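>>> sequence and predicted structure are below.
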Amino acid sequence: EKLKGVSMAGDYHTHVLKQLKERNSITNSLKDLIGRYNSLLSSERTLYHQKLSLEAQCVALQHRNRELESKVGSGGGEVSSEELRKKQEELNLVYKSQAEATNRALELSNKIKEMEDQFQGNLREVESLKKVIDEQKECVQRMHQSQEEKDITINVLKAELLQLQVELVKSEEKVREMAKDKKALQKKVVTAEKNQQSPEQPQKSLSFSSILSSNIFSSSPAPPQQQQQNPATLKKGSGSGTMIDLDGGRTGVVVPTQCKRILRVEKGELNCVAFSHDGGGLFVTGGMDKIVRVWDTATGRMKNNLYGAERAIMCVGFSWNSDFAVAASNDNAVRVWSLDTGRIQHDLRGHSGKVYTAKFSPDSTKIVTGSHDRSIRTWDAERGYCNRSILCSSSCNDLELTRDGNLCVSGHLDYHLRFCDIKSGDAVQDLATIHTAQITSVSISDDGLSVLTNSRDNTLKMIDLRTYKVLHSFSAPHYTVGANWSRACYSPESRYVCAGSTDGELFVWDAHTGKLESTLSRKGEEEPTLISCCTWSPLGTTVATSDRGGLISLWS
């Protein structure tokens, strides 16, 4: 069918070229016709002047003839009969020339009328051909649009095919590892059977099930009696969850002191980075190379590449259950990937401008997006269709949802911070004076009582969500915001505020006092570049930043 579509497009191109060539031939013939018409008009004007001249001569000769006749009648003998005969012949010649000129003028007039009729017919034919050409152009445009849609579908299918190939390779590696494990287990079983048959070592007799159990649970850190913990602290999982105290609050928030690890993307700038919500075991990045990368926080290794975007990635994030990744792109679309399969779950299209931000609702059932087309849209995360479109008066650079998922807080190009009800789409509040330049990021505190904004006026503001008043303003002498999508963040428990600067420095402020706690810079061979985004892990021990040089820095 694709080949058939391509051949149809080729036939249309050939037909249009044929029509254009016919139009050119008719146009060229019209040019010749118009030239001949102009030459005939010029000849007609020349003959007309000649006719006037001959008529004047004829009148003069008639007058002269009357004078001569009057002289002859009066008896004057000055003029001879021979002279009269000559004058009569000249007069006859003049009459003859005049008659020929008149006939010629009539012939030219008839030819001009015929050519005018032919010209009008050619004009009507040209108009009809123009209509046909316009129809063919519209048809070709429709074919081009259809071809572009097919190309997009092919690109998506190619990306999915590449992802499936990667999964196939991983599956084959897993099969090989399982085959090796099987062989090792078989060797252990044979060894155990030999030991069981040996009378000298009865204490080492093992069954197949005991060997299998010892192999599966060999990674257990200690027997149950050694795993008793202080009742004041509990851990979720084995060190990968969040440490909590008796009051239920996090106790692992630590202000970073240095850059512990640097990860490099192969090419292009990085625009965004985000941790997963299940303890920050994973983080994702996106940038100018149109690829969403999934990384392991503990090892720093890249786990997966998510394909499908056609232009730069501007914002990335996880669903709150950490099953899906979402990315907003400059191709006017938002895509959702399943982290289990690496395949695109939804391709959300509807915005008419670049999409700068996309966030999951806390219950992971909705996705809210903000775009350069001055609109905010809500999408059904399960079915992938748009529920509501909220119009704004300015481009949306970033947004965030409150913990109940009902209120959307958005930062805009016109310096405004807007609050709207997601369910009804109604505006709740509009703060126009908190910043003197466009707002680049929005972040809501864990307790849901305040919102943090970052702006191109080189300040961060913390606003009370109950009174809409500014609680604190954060700034530093060398802190500058260098991009319209530079994103700041809260720490867990909202104890600290973190943001990256144009010169590659990381600034940390105390959220309660507004005091600058730390200024960090990356030391090493890598030249510092603009930090486009920073995010604090849910454990509170690591800050990840992405920069324009294509580097991911992990600070702790």
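Sure thing, it's come through.
>>> model confidence score at residue 520, please.
Residue 520 is assigned 94 on the pLDDT scale.
>>> ok, how many other residues are close to it?
21 (other C-beta atoms under 10 Å). In this view, the C-beta of every residue, glycine as well, is placed from N, C-alpha and C.
>>> where in the chain is pLDDT low?
1-10, 68-69, 71-80, 197-251, 524-526 (pLDDT under 70).
>>> what about the longest helix in it?
The residue-count maximum for a helix in the chain (DSSP state H) belongs to helix 81-197.
>>> same for that helix, what does it pack against?
Packing partners of helix 81-197 (3 or more C-beta pairs under 8 Å, 6 or more residues apart in numbering; DSSP states H and E): helix 2-73, helix 208-216, strand 302-306, strand 344-349.
>>> which of these sits closest to residue 404?
Taking C-beta to C-beta, strand 344-349 is the member of the helices and strands packed on helix 81-197 nearest to residue 404, at 23.1 Å.
>>> residues in contact with the next helix or strand along the chain from that closest one: which ones?
Toward the C-terminus, strand 344-349 is succeeded by strand 355-360 as the next helix or strand (DSSP states H and E). For strand 355-360, contacts defined as C-beta atoms under 8 Å, 6 or more residues apart in numbering pick out 314-315, 317-320, 324, 326-330, 332-334, 366-372, 381, 395-401, 485.
>>> now do strand 355-360 and strand 344-349, the angle between them.
Counting by axes from the mean of the first three to the mean of the last three C-alpha atoms, to 10 degrees, strand 355-360 lies at 130 degrees to strand 344-349.
>>> how far off centre is strand 355-360?
Distance of strand 355-360 from the chain centroid (C-alpha atoms, centre = their mean, to the nearest Å) equals 13 Å.
>>> swap in stretch 424-435?
Taking mean C-alpha positions (C-alpha atoms, centre = their mean), stretch 424-435 and its chain are 27 Å apart.
>>> now that stretch: buried residues?
431, 434, 435 (16 or more other C-beta atoms under 10 Å).
>>> isn't residue 16 right next to residue 143, touching?
No - judged on C-beta atoms under 8 Å, residue 16 makes no contact with residue 143 at a distance of 10.5 Å.
>>> out of the helices and strands packed on helix 81-197, which gets nearest to residue 255?
The nearest among the helices and strands packed on helix 81-197, by C-beta to C-beta, is strand 302-306 at 27.7 Å.
>>> which strands and helices sit next to the closest one?
helix 81-197, strand 292-296.
>>> what angle do the first one and helix 2-73 make?
Just to be clear, that refers to helix 81-197. Going by the same axes, to 10 degrees, helix 81-197 makes 170 degrees with helix 2-73.
>>> on that earlier part again, dump the helices and strands packed on helix 81-197 into a markdown table; add distance to residue 361 and mean neighbour count as well.
Converted to a markdown table, those look like this (distance: least, C-beta to C-beta, whole Å; neighbours: other C-beta atoms under 10 Å):
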| stretch | distance to residue 361 | mean neighbour count |
| --- | --- | --- |
| helix 2-73 | 39 | 13 |
| helix 208-216 | 39 | 12 |
| strand 302-306 | 21 | 17 |
| strand 344-349 | 14 | 18 |
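>>> okay, the ones you listed in TSV with distance to residue 543 next?
Below are the helices and strands packed on helix 81-197 laid out as TSV (distance: least, C-beta to C-beta, whole Å):
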stretch	distance to residue 543
helix 2-73	48
helix 208-216	37
strand 302-306	19
strand 344-349	29
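>>> in this structure, which residue is most central in space?
When C-alpha atoms, centre = their mean is applied to the chain, the residue found nearest the centroid is residue 331 (1.7 Å).
>>> what's near enough to touch that residue?
For residue 331, the contact set (C-beta under 8 Å, 6+ apart) comprises 309, 310, 311.
>>> one more: residue 332?
349, 351, 352, 353, 354, 355, 371, 373.
>>> give the full set of residues in contact with the closest residue to the first one other than its chain neighbours.
Distances taken as C-beta to C-beta, 6 or more residues apart in numbering place residue 333 nearest to residue 349, at 4.9 Å, with adjacent residues excluded. Shown here is residue 333, whose contacts under the criterion C-beta under 8 Å, 6+ apart are 309, 310, 347, 348, 349, 351, 355.
>>> quick one: the second one is in a helix?
No - Residue 310 sits outside any helix when classified using DSSP: H, G, I helix; E, B strand; the rest coil, being coil.
>>> do you know how far residue 358 is from residue 311?
In this view, residue 358 and residue 311 are 14 Å apart by C-beta to C-beta, to the nearest Å.
>>> looking at the two, which is more packed in?
Applying other C-beta under 10 Å to residue 358 and residue 311 shows that residue 358 carries more neighbours, namely 26 against 14.
>>> count of neighbours near the spatially closest residue to that one that is not a sequence neighbour?
In space, and not counting its chain neighbours, residue 358 is closest to residue 328: 4.0 Å by C-beta to C-beta, 6+ apart. Using other C-beta under 10 Å, residue 328 has 31 neighbouring residues.
>>> so what pairs up with residue 328 in the strands?
Beta-bridge pairing of residue 328 under DSSP bridges involves residue 315, residue 334.
>>> quick one: residues contacting it.
Counted by C-beta under 8 Å, 6+ apart, residue 328 has contacts 313, 314, 315, 316, 334, 355, 356, 357, 358, 369.
>>> returning to that earlier point: just name the closest of the contacts of residue 333 to residue 31, please.
residue 310 (46.7 Å).
>>> just checking, that closest one touches residue 347?
No - checked against C-beta under 8 Å, the pair residue 310 and residue 347 is beyond contact range at 10.4 Å.
>>> can you lay out the helices and strands packed on strand 302-306 as a markdown table showing distance to residue 475 and mean neighbour count?
Shown next, in a markdown table, are the helices and strands packed on strand 302-306 (distance: least, C-beta to C-beta, whole Å; neighbours: other C-beta under 10 Å):
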| stretch | distance to residue 475 | mean neighbour count |
| --- | --- | --- |
| helix 81-197 | 43 | 13 |
| strand 292-296 | 32 | 21 |
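>>> reformat the ones you listed as JSON lines; add distance to residue 48.
Below are the helices and strands packed on strand 302-306 laid out as JSON lines (distance: least, C-beta to C-beta, whole Å):
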{"stretch": "helix 81-197", "distance to residue 48": "7"}
{"stretch": "strand 292-296", "distance to residue 48": "83"}
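>>> before we move on, back to that, which of the contacts of residue 328 are buried?
313, 314, 315, 316, 334, 355, 356, 357, 358, 369.
>>> closest one of those residues to residue 502?
Checking these one by one against residue 502 (C-beta to C-beta), the nearest turns out to be residue 314, at 18.3 Å.
>>> and the gap between that closest one and residue 14?
Applying C-beta to C-beta to residue 314 and residue 14 gives a distance of 42 Å.
>>> quickly run through the sheet partners of the helix or strand harbouring residue 428, with directions.
Element membership for residue 428 (DSSP H and E) is strand 427-431. Using DSSP bridges, the strands paired with strand 427-431 are strand 417-421 (antiparallel).
>>> and the strand it pairs with, how far from the chain's centre?
Counting by C-alpha atoms, centre = their mean, strand 417-421 comes out at 25 Å from the chain centroid.
>>> likewise stretch 274-287?
On C-alpha atoms, centre = their mean, the centre of stretch 274-287 falls 23 Å from that of its chain.
>>> same thing with stretch 504-517?
The answer for stretch 504-517 is 34 Å, by C-alpha atoms, centre = their mean.
>>> one more: stretch 429-444?
24 Å.
>>> that one: end-to-end distance?
End-to-end distance for stretch 429-444: 16 Å, by C-alpha to C-alpha, to the nearest Å.
>>> before we move on, what about stretch 70-87?
Per C-alpha to C-alpha, the first residue of stretch 70-87 is 15 Å away from its last.
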